[in-house]
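Peer 1: sequence isn't available, so here's the structure alone:
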């Protein structure tokens, strides 16, 4: 892609807006027909007023977004990631790249209105710039002045240390809070389907005291990870309804008391679903549909973008295979190995037609299965030869 194409396609604009400008850099086209990256102050690495308000700028932004989605789908299929990872570091995105300026400003305004939160009102942006969005939606906080000393001492990541401290401090109260009924219920009665048992609450308290003691004494190397795992297990058991899943007799009895009402609510929910969803999930047959044409139209509308995406991914994968093929053959030749021959190409329609024809002519199922086995063996022989 030459510099003219990069500008027209929006690649240069988006490279600066998303990557270079936030780093205090700017990529420009050079007189030699290439690109150069220049140092800029973070406060001046911005587009001029009005440059991003035009229809052309919006079209470029959208075009790059489509390109990113398509390429990302291919890379996830081939490699399992979109952004190539650095060894020893998880794939992560700086959180201030994820939050918009409007969202950050809104957080700051909320903090300023709250007397207690006002203490950190002017630190919101700085805090977000030190956070990373990890796969699965987990947010990790790694302030530069911390230097990772506490994480290294405990053998955990920054996020795990924060999670450990939070669970150690709050889990006993969480486990006990689920024991009692809602305040509107007269008196304090036990909710037999929620909460930790007394011995589990006591265990959480002991673990919390152990974690608190680590500020003055060094734990065994494997102990922090063990304690975190046990606290996570207890936290899962403290969730509402878990006593039922653990087979507690009182919880099962309590469930029996509301089973019929829940069943009625579920039936009502299922009946109120759109007809297309009920058909799609197998709850309705074609002959039961009130408007089969409308359902077919809705299904076709849902399928169309998926077909387009599948075609795009298949085309990109085919391009990757075409590029990789000669490289793989050259590598085999360099190593003195024989490259595996490609599998014979069989058009799906021809294969389905042949299978259908054989299925109609076979007298029984066993004969058809035998034919499939023989056909498969023949294909394998052709591939090996």
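Peer 2: That came in fine, so what should we check first? None of these values were measured; they are calculated from a predicted model.
Peer 1: packing partners of the helix or strand residue 199 falls within?
Peer 2: Assigned by DSSP states H and E, residue 199 falls within helix 198-213. Under the contact definition 3 or more C-beta pairs under 8 Å, 6 or more residues apart in numbering; DSSP states H and E, helix 198-213 sits against helix 158-177, helix 223-237. Any C-beta I mention is one placed from the backbone N, CA and C, and that applies to glycine too.
Peer 1: average pLDDT across the shortest one?
Peer 2: Meaning helix 223-237. Mean per-residue pLDDT for helix 223-237: 92.
Peer 1: helices and strands around that helix, which ones?
Peer 2: helix 158-177, helix 198-213.
Peer 1: and of those helices, who's closest to residue 73?
Peer 2: Of all the helices and strands packed on helix 223-237, it is helix 158-177 that lies closest to residue 73, at 27.9 Å by C-beta to C-beta.
Peer 1: sorry, back to before: would you mind finding the most buried of the helices and strands packed on helix 198-213?
Peer 2: Highest mean neighbour count of the helices and strands packed on helix 198-213: helix 158-177, a mean of 18 (counted as mean count of other C-beta atoms under 10 Å).
Peer 1: what's the angle from that helix to helix 198-213?
Peer 2: 140 degrees (axes from the mean of the first three to the mean of the last three C-alpha atoms, to 10 degrees).
Peer 1: avg pLDDT for helix 158-177?
Peer 2: Rounded mean pLDDT across helix 158-177 is 81.
Peer 1: for the nearest residue to residue 169 once chain neighbours are set aside, grab the count of nearby residues.
Peer 2: If the residues on either side of it in the chain are set aside, residue 169 comes closest to residue 208, at 6.4 Å by C-beta to C-beta, 6 or more residues apart in numbering. Neighbours of residue 208 under the rule other C-beta atoms under 10 Å: 19.
Peer 1: can you redo the helices and strands packed on helix 223-237 as JSON lines with distance to residue 329?
Peer 2: JSON lines is the format used below for these (distance: least, C-beta to C-beta, whole Å):
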{"stretch": "helix 158-177", "distance to residue 329": "45"}
{"stretch": "helix 198-213", "distance to residue 329": "58"}
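Peer 1: out of the ones you listed, nearest to residue 296?
Peer 2: Closest among those, once you apply C-beta to C-beta, is helix 158-177, at 47.9 Å.
Peer 1: list the helices and strands that closest one packs on?
Peer 2: Applying 3+ C-beta pairs under 8 Å, 6+ apart, one finds that helix 158-177 makes contact with strand 139-141, helix 149-154, helix 198-213, helix 223-237.
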